[in-house]
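*Asks:* Got a predicted structure plus its sequence, pasted below:
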Amino acid sequence: MFLISLAMRPAAAVYNWCQRWLPSNRLVTLLRTRRGYRWGVPAVLLGALYFVVGIGCYGAVRLGHTEWLYLGMLVFWWTALKLAVHGVTATIRLLIARGHENLAVRAAIRNERRIAVAEGRTAPTHTVAERRRITGDVRHRALTRDRGHGVGSVMPLPRG
C-alpha cells in the first residue's frame with residue numbers, strides 16, 4: 001500500500017501542475033462551466049489552428065528537420081483533438097441550456113398570465129424588451145445557481 005501511495009504522489013503533482021498551468025487544460029476547464037459554454041465555437045477554431053501547426057511540424061520533419069518535431073506534432077494534434085471535442089460538447093450544452101432558459105421564460109410568462117386572470121385583471125402582453133428582461137432574470141438565476149459547483153461544473157482553480 002505504501003508503494004502505491006508513493007507512486008501516486010508524483011503523478012498527482014504532475015496532474016495538478018498540468019491542470020493549473022497548461023493553457024489548453026485551463027480552457028477545457030472553462031468550457032465545462034455554464035459561463036464557458038459560449039466559448040465552444042472559438043475553442044473548435046483554436047483546435048483547428050493547433051491541427052494546422054501539427055501539420056507544419058510534420059512537414060518540417062519531411063523536409064529534413066529533426067525528428068524531435070514528431071513529438072511537437074503529437075502534442076499539437078492531441079491538443080487539437082481535445083479542444084475540438086470539448087468545444088463541440090460545450091456548444092451542444094449551450095444549446096440545451098438556452099432551450100431550458102426559453103422554457104423557463106415561457107413558464108414565467110404563463111405564470112404571470114395565470115395570476116392576472118385569477119386576480120380578475122386582463123392578461124398582460126409582453127413586449128420584446130420585457131421578454132428580454134425576463135430572459136436576463138432567468139439566465140442570471142441559472143448562472144448564480146451553477147456557482148455551487150454541482151454536477152457538470154468544475155471548481156475554479158485557485159489564484160496564486
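*Replies:* Looks like it arrived, so ask away.

*Asks:* Give me the local confidence score for the nearest residue to Tyr50 once chain neighbours are set aside.
*Replies:* Using Cβ to Cβ, 6 or more residues apart in numbering and skipping the chain neighbours, the partner closest in space to Tyr50 is Ala80 (3.8 Å). Placement of C-beta: from N, CA and C, glycine included. On pLDDT, Ala80 comes in at 96.

*Asks:* Tell me which helix or strand Ala80 sits in.
*Replies:* helix 69-118 (DSSP states H and E).

*Asks:* Output the below-cut-off pLDDT ranges for the protein.
*Replies:* 146-160 (pLDDT under 70).

*Asks:* Find the centremost residue of the chain, please.
*Replies:* Nearest to the geometric centre of the chain sits Leu31, at 1.7 Å (Cα atoms, centre = their mean).

*Asks:* can you count the residues close to the residue lying closest to it once chain neighbours are set aside?
*Replies:* Nearest in space to Leu31, with sequence neighbours left out and distances taken as Cβ to Cβ, 6+ apart, is Ala90 at 4.3 Å. When neighbours are defined as other Cβ atoms under 10 Å, Ala90 has 26 of them.

*Asks:* And for Trp21?
*Replies:* 10.

*Asks:* Could you measure from it over to Pro124?
*Replies:* Taking Cβ to Cβ, to the nearest Å as the measure, Trp21 and Pro124 are separated by 53 Å.

*Asks:* could you point out which element follows the helix holding Ala80?
*Replies:* Counting by DSSP H and E, what follows helix 69-118 is helix 128-145.

*Asks:* which other helices and strands contact that next one?
*Replies:* When contacts are defined as 3 or more Cβ pairs under 8 Å, 6 or more residues apart in numbering; DSSP states H and E, helix 128-145 packs onto helix 69-118.

*Asks:* Mind giving me the packing neighbours of the helix it packs on?
*Replies:* Judged by 3+ Cβ pairs under 8 Å, 6+ apart, helix 69-118 is in contact with helix 23-31, helix 40-62, helix 128-145.

*Asks:* would you turn those into JSON lines with distance to Trp68?
*Replies:* What follows is those, written out as JSON lines (distance: least, Cβ to Cβ, whole Å):
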{"stretch": "helix 23-31", "distance to Trp68": "20"}
{"stretch": "helix 40-62", "distance to Trp68": "9"}
{"stretch": "helix 128-145", "distance to Trp68": "45"}
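
*Asks:* Residue most distant from the centroid, this structure?
*Replies:* Gly120 (45.6 Å).

*Asks:* Fine by me, we can end here.
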